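Chemist: Following is a predicted model, sequence given first.
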Amino acid sequence: MNAIQVNGLTKRYKNFQLDDVSFTVPSGYICGFIGQNGAGKTTTLKLLLDMAKPESGTVEILGHSVKDNAVKERVGVLFEQPYYQEVWTPTYIEKALRSFYPRWDSTAYHGYLQRFELSPKQKFKTLSRGMKMKLGMAVSLSLGVDLLLLDEPTGGLDPVMRDQMLDLLRLHVSDETKSIFFSTHITSDLEKIADYIVYIHQGRIIYSGTKDDLLEKYCVLRGGLEELPQIKNIIGLRKHIGGFDGMIEITNIGGLPSGVITEAATLDDIMVYTGRESQV
């Protein structure tokens with residue numbers, strides 16, 4: 001059984017279209033969801049949560065239709081900004097949520113509050129943005145659900161806390177029964193913990209598969225302008241005073257001029273050069 005199965009999703013807006021989107025997230029793994037602003041990530045997440053209606057296509061969550069109410073207690077959601085009543089405290093948030101989640105783990109929740117240095121009695125409106133994200137993560141990790149949908153969960157956190165949060169997410173799926181679908185612009189986080197990547201660009205899925213396969217598909221090129229005529233199939237070519245840079249598929253690097261430097265592509269590189277290519 002897959003954690004998420006999306007087939008042929010299409011959603012049309014006035015100035016944007018999600019076009020025939022299909023991808024799979026296997027159970028027991030962390031899947032990163034990447035793409036530029038406006039690429040369709042938020043629209044896709046809304047469709048996964050049945051918050052928007054597609055023109056066509058289907059969504060299955062944990063083997064059930066997204067419209068099946070029984071699956072909702074098995075899914076946890078954390079958006080970029082947690083939304084709770086301003087006067088609610090972490091203690092009251094637990095009281096409000098635990099009746100909706102049969103596997104709510106109170107011991108884990110209070111352990112996270114202590115770890116994140118959050119007072120159970122502090123009102124939500126008095127928390128900083130980073131503290132609100134910590135609280136949202138404490139809640140998400142305590143729900144006892146089989147699937148977490150996270151939208152920018154490490155945004156607003158300092159590097160030390162981000163690293164700790166990634167460790168917790170990694171631990172969360174360690175028993176291979178839980179899954180995470182993780183949308184973020186901080187692609188270095190995904191390079192540390194993601195097993196799979198879904199890459200959406202201009203409303204279409206251009207990659208869905210393992211992170212390692214994606215990173216091993218491309219490399220970055222740098223060289224002098226005099227060497228450029230000898231190179232073909234450069235993605236996102238940029239010329240500048242010092243020479244040029246671009247990206248190329250590994251299968252096309254044979255016979256490069258001796259002065260050309262190649263280096264491994266990061267997820268950021270892949271997004272930047274692909275985005276640059278589409279603007280040419």
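Modeler: On my side now, so go ahead.
Chemist: N69 - how many residues pack around it?
Modeler: A total of 8 residues lie near N69 under the criterion other Cβ atoms under 10 Å. All C-beta spots, glycine's among them, are computed from the backbone N, C-alpha and C.
Chemist: Please tell me the pLDDT value assigned to it.
Modeler: N69 carries a pLDDT value of 83.
Chemist: who are the neighbours in contact with the residue nearest to the spatial centre of the chain?
Modeler: Nearest to the geometric centre of the chain sits S183, at 2.1 Å (Cα atoms, centre = their mean). For S183, the contact set (Cβ atoms under 8 Å, 6 or more residues apart in numbering) comprises G32, F33, I34, K41, L45, L150, D151, E152.
Chemist: So, low pLDDT: which residues of this structure?
Modeler: With pLDDT under 70 as the threshold, the chain has low-confidence stretches at 278-280.
Chemist: Taking the chain centroid, which residue in it is the extreme one?
Modeler: In the chain, the residue that sits farthest from the middle, by Cα atoms, centre = their mean, is E226; the gap is 39.6 Å.
Chemist: Alpha carbons only: can I get stretch 236-245 in CSV?
Modeler: Backbone C-alpha positions of stretch 236-245 (Å, rounded to 0.1, in the frame of the first residue of the first chain) are rendered in CSV as follows:
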residue,chain,number,x,y,z
GLY,A,236,20.0,26.7,-18.1
LEU,A,237,23.1,28.1,-19.8
ARG,A,238,24.4,31.4,-18.4
LYS,A,239,27.2,33.4,-20.0
HIS,A,240,29.2,35.9,-18.0
ILE,A,241,32.5,37.7,-18.2
GLY,A,242,34.4,34.8,-16.6
GLY,A,243,32.9,32.2,-18.9
PHE,A,244,29.7,30.1,-18.6
ASP,A,245,27.9,27.8,-16.3
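Chemist: buried ones in that stretch?
Modeler: By 16 or more other Cβ atoms under 10 Å, the buried positions in stretch 236-245 come out as G236, L237, G243, F244, D245.
Chemist: Then stretch 12-23?
Modeler: Along stretch 12-23, these residues count as buried under the neighbour rule (16+ other Cβ under 10 Å): Q17, L18, D19, V21, F23.
Chemist: for the fourth one, which residues make a bridge with it?
Modeler: It refers to V21. When assigned by DSSP bridges, V21 has beta-bridge partners L9.
Chemist: Please apply the same query to the one 4 residues further on.
Modeler: The residues paired with V25 through beta bridges, assigned by DSSP bridges, are I4.
Chemist: Just give the number of residues close to it.
Modeler: Counted by other Cβ under 10 Å, the residues lying close to V25 total 24.
Chemist: wouldn't it be in contact with F181 here?
Modeler: Yes. Counting by Cβ atoms under 8 Å, F181 is a contact partner of V25 at 5.7 Å.
Chemist: Find residues that contact each of these two.
Modeler: Contact with both V25 and F181 is made by residues A3, I4, C31, according to Cβ under 8 Å, 6+ apart.
Chemist: got these as TSV, with neighbour count columns?
Modeler: Putting those into TSV (neighbours: other Cβ atoms under 10 Å) gives the following:
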residue	neighbour count
A3	24
I4	22
C31	24
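Chemist: can I get those residues in a markdown table with distance to L221?
Modeler: Written out in a markdown table, the entries for the shared contacts of V25 and F181 read as follows (distance: Cβ to Cβ, whole Å):
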| residue | distance to L221 |
| --- | --- |
| A3 | 36 |
| I4 | 35 |
| C31 | 29 |
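Chemist: and I235, bridged to which residues?
Modeler: On the basis of DSSP bridges, I235 is bridged to M247.
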